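Trainee: Okay, structure incoming, though there's no sequence with it:
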């Protein structure tokens, strides 16, 4: 069975500081991994995805994530936080690809302080 | 532009009543999903469909049903609403790519069961 654990339900950073959101996964097969973002009162939208190509994946809005098989991790980073990054972020895993059944983590709410 | 819509956006109902939430997509996607979002749990999969006449149970399917009679629609029915089903419900759709892919989410329906 697949699962996703996001470490920290809330993360607070100052504007301009590094953003680091942690995600660990469990999968019996090579996984497809995703980060989605949710702004208030909206649905989720894809930030980036790992599909067994490059282990460092770049997404929208300056975010990137690195797949580390040995650590079963897929942490999300951004060098410099912006106020507009305040949102909830979800890590997700699938064994067949993002278009198929996908398991989501509990989410991490990012707060950005001025 | 293609989109995925949900209706109603807000619904208040009484315990024991049958409720149907609508989901309609104009992407012509084969795959459709229903999730519920609750604080601390992230998104949990209720039901999903990989094509017309195909439906599958997700991790929290008890008390819910779906039917897929065409490509565009996947209505979610709560057979006898319970207070535990108070939640925000999201519908999503996706293509069936060989790898990768992503899900496109609707804006959500906030359901309150009193």
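Mentor: Yep, it's here. Just so we're clear, the structure is a prediction, and the values are computed from it rather than from any experiment. Numbers count the residues shown, from 1 in each chain, chains lettered A, B, ... in the order given.

Trainee: Mind pulling up the pLDDT for the residue positioned nearest the centre of chain B?
Mentor: By Cα atoms, centre = their mean, the mean C-alpha position of chain B lies nearest to residue B:34, the distance being 2.7 Å. Residue B:34 carries a pLDDT value of 97.

Trainee: so where's chain A shaky on pLDDT?
Mentor: Across chain A, the ranges flagged by pLDDT under 70 are A:97-98.

Trainee: which bits of it sit near chain B?
Mentor: Residues of chain A that fall close to chain B, judged by Cβ under 8 Å from any Cβ of the partner chain: A:6, A:9, A:32, A:34, A:41-46, A:49, A:51-52, A:90, A:97-107. Bear in mind the C-beta positions are built from the backbone N, C-alpha and C, glycine included.

Trainee: switch to 10 Å and redo it
Mentor: With the criterion set to Cβ under 10 Å from any Cβ of the partner chain, chain A comes near chain B through A:1, A:4, A:6, A:9, A:32, A:34, A:36, A:38, A:41-53, A:88, A:90-92, A:94, A:96-108.

Trainee: just to revisit the earlier point, surely the residue nearest to the centre of chain B is in a strand?
Mentor: Yes: assessed with DSSP: H, G, I helix; E, B strand; the rest coil, residue B:34 lies in a strand.

Trainee: is it in a bridge, and if so with what?
Mentor: residue B:47, residue B:91 (DSSP bridges).

Trainee: Hmm, it is touching residue B:67, no?
Mentor: No: counting by Cβ atoms under 10 Å, residue B:34 stays clear of residue B:67, with 11.8 Å between them.

Trainee: who touches both of these two?
Mentor: Common contact partners of residue B:34 and residue B:67 (Cβ atoms under 10 Å, 6 or more residues apart in numbering or on different chains): B:47, B:49, B:74, B:75, B:76.

Trainee: Any chance of these in CSV with pLDDT and secondary structure as columns?
Mentor: As requested, the shared contacts of residue B:34 and residue B:67 are exported to CSV (pLDDT from 0 to 100; DSSP: H, G, I helix; E, B strand; the rest coil):
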residue, pLDDT, secondary structure
B:47, 96, strand
B:49, 94, strand
B:74, 98, coil
B:75, 98, coil
B:76, 98, strand
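
Trainee: do you know how far the residue nearest to the centre of chain B is from chain A?
Mentor: 12 Å (Cβ to the nearest Cβ, to the nearest Å).

Trainee: coming back round to it: quick check: of the shared contacts of residue B:34 and residue B:67, which has the highest neighbour count?
Mentor: residue B:74 (26 neighbours; other Cβ atoms under 10 Å in any protein chain shown).

Trainee: any idea how far that one is from residue B:35?
Mentor: Per Cβ to Cβ, to the nearest Å, residue B:74 is found 12 Å from residue B:35.

Trainee: joint contacts of those two?
Mentor: B:47, B:48, B:91, B:92.

Trainee: Next one: the second one, what pLDDT does it get?
Mentor: The reference is to residue B:48. On pLDDT, residue B:48 comes in at 94.

Trainee: Please list all residues in contact with residue A:37.
Mentor: With Cβ under 10 Å, 6+ apart, residue A:37 has these contacts: A:44-48, A:59-61, A:63, A:76, A:85, A:87-90, A:110.

Trainee: moving C-terminal of the helix or strand that contains it, what's the next helix or strand?
Mentor: Under the criterion of DSSP states H and E, residue A:37 resides in strand A:32-38. Remark: after strand A:32-38, the chain's next helix or strand is strand A:44-50, criterion DSSP H and E.
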